[in-house]
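In: here's a sequence, model it:
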Amino acid sequence: MTPPEKNYAHPETLVETAWVAEHLADPRLRIAEVDYDPSANYALGHLPGAVLFDWRKDINDPVRRDILSREGVAALLTRAGVGPGTTLLLYGDFNNWFAAFAFWVLTHHGVKDVRLINGGRKKWIEEDRPLTKEVPSYPAATPRLDPTDEKLRVFHDYVRDVLPKVKAGSEVLVDVRGPKEFTGEVTAPPEYPTEHAQRGGHIPGATNIPWAQAVNENGTFKSRAELEKLYTSKGVTPEKEVITYCRIGERSSHSWFVLKYLLGYPNVRNYDGSWTEWGNQIRSPIERP
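Out: Numbering: from 1, shown residues only. All right, here's what the predicted structure looks like:
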């Protein structure tokens, strides 16, 4: 499913577009496109047989700012026809940012057989593979969820409390935003120019390793050797607890996936509150050059 030269720690969590193209008719597979803006992506054409997971409506709580509940995950998978024995393949727009977020949410709530399509929507289209506007419908299924893994997620107070350990070097905060966001020069990335935090900067002690440094031009992940060099050169090593964050948790889910599944780091957690929470929270300490 993944080229052997990549040598990832958990290659079973990633599939290549060529493999997917050969298995589109496999009834044991279910494909879901995860989009921030389905009207600009899924509605214009998607992988044959792919269902839509609308990031805002389907992966997040409909009322409060929170991820989808465990019950919501079960309902989503039931609607998509994902039951025991079904492998769920995720891909999406923005270089799989939101697909990675969905992967993190589903894994957090105990979904085991879920994988990312390497390169996502971008690579599939660049390879001129088939697209369709047909919206599929599948028989309802009863998914099997393992217990929720609370170790995959952290909240504001936890991050605040570990700042002394970050300063001492025993824990690492990885800010995966772009350099200008990290320095506070801008408070929103180019993809979301109107969605700002009150203050710019970064969490004290954080190390800036932008998510894009982990991927190739076509959106696929770099090799394990390249990724190990990228992170270890910045002091992000496997014996430390690593916490990733960005602006709303989607880019940090992408880097969380890299660290946990491609490199096999044992203790990687995603702070999905990220900068929109930290930068807006009264009395949260920040750093700026």
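In: nearest residue to Tyr138 other than its sequence neighbours?
Out: Leaving aside its sequence neighbours, Tyr138 sits nearest to Gly81 (Cβ to Cβ, 6 or more residues apart in numbering; 2.9 Å). Every residue, glycine included, has its C-beta placed from N, CA and C.
In: got it, and Pro130?
Out: Looking at Pro130 with Cβ to Cβ, 6+ apart, the closest residue is Pro48, at 5.8 Å.
In: for the residue lying closest to Leu77 once chain neighbours are set aside, give me phi and psi.
Out: The spatial neighbour of Leu77 that comes closest, neighbours along the chain excluded (Cβ to Cβ, 6+ apart), is Pro143 at 3.9 Å. When read as degrees, to the nearest 10, the backbone of Pro143 gives phi -70, psi 160.
In: in what helix or strand does the most centrally placed residue in the chain lie?
Out: With distances taken as Cα atoms, centre = their mean, Ala100 lies nearest the centre of the chain, 2.4 Å away. Element membership for Ala100 (DSSP states H and E) is helix 97-108.
In: CA atoms of that helix as PDB?
Out: Presented in PDB, the C-alpha positions along helix 97-108 are these (Å, rounded to 0.1, in the frame of the first residue of the first chain):
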ATOM      1  CA  TRP A  97      -5.400  18.800   6.600                       C
ATOM      2  CA  PHE A  98      -9.000  18.100   7.400                       C
ATOM      3  CA  ALA A  99      -8.700  14.400   6.500                       C
ATOM      4  CA  ALA A 100      -6.000  14.200   9.100                       C
ATOM      5  CA  PHE A 101      -8.200  16.000  11.600                       C
ATOM      6  CA  ALA A 102     -11.000  13.500  10.900                       C
ATOM      7  CA  PHE A 103      -8.400  10.700  11.300                       C
ATOM      8  CA  TRP A 104      -7.400  12.100  14.700                       C
ATOM      9  CA  VAL A 105     -11.000  12.500  15.900                       C
ATOM     10  CA  LEU A 106     -12.000   9.000  14.800                       C
ATOM     11  CA  THR A 107      -8.900   7.400  16.300                       C
ATOM     12  CA  HIS A 108      -9.400   9.400  19.500                       C
END
